[in-house]
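> quick check, what structure comes out for this input:
(one chain, ligands or ions: 1)
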Amino acid sequence: MNVDTMTDTARLTFEDKEIELPVVRGSEGEVALDISKLRGQSGLITLDKGFKNTGSTTSAITFLNGEEGILRYRGYAIEDLAENTSFMEVAYLLVYGDLPTQKRLDWFEDSIKMHTLVHENMKRFFDAFPLGAHPMGMLSAMSSTLSTFYPDSQDPNRSMEDIDMTIHRLIAKLPTLAAQCYKHNMGHPMVYPANDLSYTENFLYMMFGLPTDDYEIDPIINDAINKLLILHADHEQNCSTSTVRVVGSSQANLYSSISAGISALWGPLHGGANQAVIEMLEQIKADGGDLQKWIDKAKDKTDSFRLMGFGHRVYKNFDPRARIIKKSADEVLAKLGINDPVLDIAKQLEEVALKDEYFVQRGLYPNVDFYSGIIYRALGIPTEMFTVMFALGRLPGWIAQWKEMLENGEPIGRPRQVYTGHNARPVQPLAQR
Ligand code: ACO
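Here you go, the predicted structure:
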């Protein structure tokens, strides 16, 4: 096959047929072959398990270049945003396409603050969860449950203003539900939102405050949470985001689409890696800290162990978020006066792995989850809540992608397959099988 850049078509030769495929170009010079009509033209489909080389959509939200370690939301570099904006500004940027003016930010934040309470009846769902229930299971269920309290959200023909209301409700209520997941497992009473606080301050208050307490918010912790949420806010067509878009493409409501995204994020190969990393580092420490032993296990193809927090589908050089987080981990621990031996193990492990031929050859580098758990731990967030923190950060990205899918009028997501099962055969009577 060759790509003709002059005419912007590619020609595919198959058997005695030549098929012309349109070429689509992105604003950062990416080139894609549009194969949507290939089957009609030739009877052929494409096969790409795990979508390793398949663009599922065109999108104007996030650009990333895995080779050069570039990540931008709506054109702004992640480093710039992490340094100079708040999570609420980034949420607005992702959902509405541009950074807000002060007036627009006030409107957005005020609207979010109007909706932070969840219906009292939702407390009864929490009562039914067993003690120790994984917070991601609870959060996913409660996100979908929201749709039952707001039945209007289920109407696929709502106006954009109504959709905006659903978006604001969800951004407002997810931290309340996340904090309730934690309180449930602690056996503590729920703390109602305090709307004089900022988005992240309010979350910390609902998590760590008690109804009887004057909880003081540590600005170091609040800044760190802000930065972590910004770094996680979007990452183009990853597993959970693609899930949100595909579920949403059937015109399922936003709450349920996000619930599906939360479930997809939970897996240890995706967002659940932040919990898995800390558990792995703890295990290495408890085992005596023999790093080479664990590196060898990760390389051994007969052993299912993988170095959690290492490797990425698109970053084969470095993950820019991991660089920022590693620096932040040092700063936050120093500011809080914490000496965490697990951070030392993480650094040593990274050093050994980055010199190892196996990891170098395969482009396996620390990803966003490698150091984030260490910061969360320093901030007092329990391990099982790490992926919930990821979900809170990713929420505006999921919403922006769901909204874009809707605005673009994208068709229902429905891949094809190559069937490899039995050919047609008759059913034998039970007695003869
Ligand atoms: N430890 C050891 N070997 C690894 C690791 C790892 N963490 N990651 C990949 N490899 C090896 C694979 O065994 C494979 O080797 P081979 O070519 O000899 O068969 C090669 O590197 C390529 O790996 P794939 O699994 O094909 O890469 P893929 O893009 O499908 O998977 C993934 C990416 C899932 C992130 C993978 O690197 C992994 O499992 N990492 C650990 C879990 C993790 O940290 N996930 C978080 C990702 S970031 C996020 O989602 C927020």
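
> once you drop chain neighbours, what's closest to the residue in the stretch 251-400 of the chain positioned nearest to the ligand?
For the stretch 251-400 of the chain and the ligand, the shortest gap (Cβ to the nearest ligand atom) falls at G311, measuring 2.3 Å. Placement of C-beta: from N, CA and C, glycine included. Nearest-residue entry for G311: L364, 4.4 Å, with adjacent residues in sequence omitted and distances by Cβ to Cβ, 6 or more residues apart in numbering.

> quick check: pLDDT value at the one you found.
Per-residue pLDDT puts L364 at 93.

> that one: how many residues sit nearby?
20 (other Cβ atoms under 10 Å).

> what of S250?
S250 - counted by other Cβ under 10 Å - has 12 other residues nearby.

> how about the one 5 residues further on?
Other residues within reach of Y255, judged by other Cβ under 10 Å, total 23.

> next one: M389
24.

> any idea which element it lies in?
M389 is part of helix 386-407 when elements are defined by DSSP states H and E.

> wait, is the residue nearest to G311 part of a helix?
No: per DSSP: H, G, I helix; E, B strand; the rest coil, L364 lies outside any helix segment and is coil.

> touching, it and G309? I think so.
No: when contacts are counted by Cβ atoms under 8 Å, L364 is not listed as touching G309 (10.2 Å).

> relative to L231, how far out is the residue nearest to G311?
20 Å (Cβ to Cβ, to the nearest Å).

> try F359
Counting by Cβ to Cβ, the gap from F359 to L231 is 23 Å.

> compare those two (neighbour count), which wins?
L231 (25 against 20).

> which residues does the longest strand along the chain contact?
The longest strand of the chain (DSSP state E) is strand 17-25. With contacts defined as Cβ atoms under 8 Å, 6 or more residues apart in numbering, strand 17-25 is touched by 3-5, 8-13, 31-35, 38, 41-42, 44, 58.

> now, of those, which are buried?
Buried by 16 or more other Cβ atoms under 10 Å: 10, 12, 32-33, 35, 38, 42, out of those.

> that older thread, which of the contacts of strand 17-25 fall in strands?
Reading strands off the contacts of strand 17-25 with DSSP E, I get 3-4, 9-13, 31-33.

> redo those as JSON lines? Include pLDDT.
What follows is those, written out as JSON lines (pLDDT from 0 to 100):
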{"residue": "V3", "pLDDT": "54"}
{"residue": "D4", "pLDDT": "53"}
{"residue": "T9", "pLDDT": "93"}
{"residue": "A10", "pLDDT": "95"}
{"residue": "R11", "pLDDT": "94"}
{"residue": "L12", "pLDDT": "94"}
{"residue": "T13", "pLDDT": "94"}
{"residue": "V31", "pLDDT": "95"}
{"residue": "A32", "pLDDT": "96"}
{"residue": "L33", "pLDDT": "96"}
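
> so which of the residues you listed also contact the ligand?
Among the ones in strands among the contacts of strand 17-25, no residue lies close to the ligand (Cβ under 6 Å from any ligand atom).
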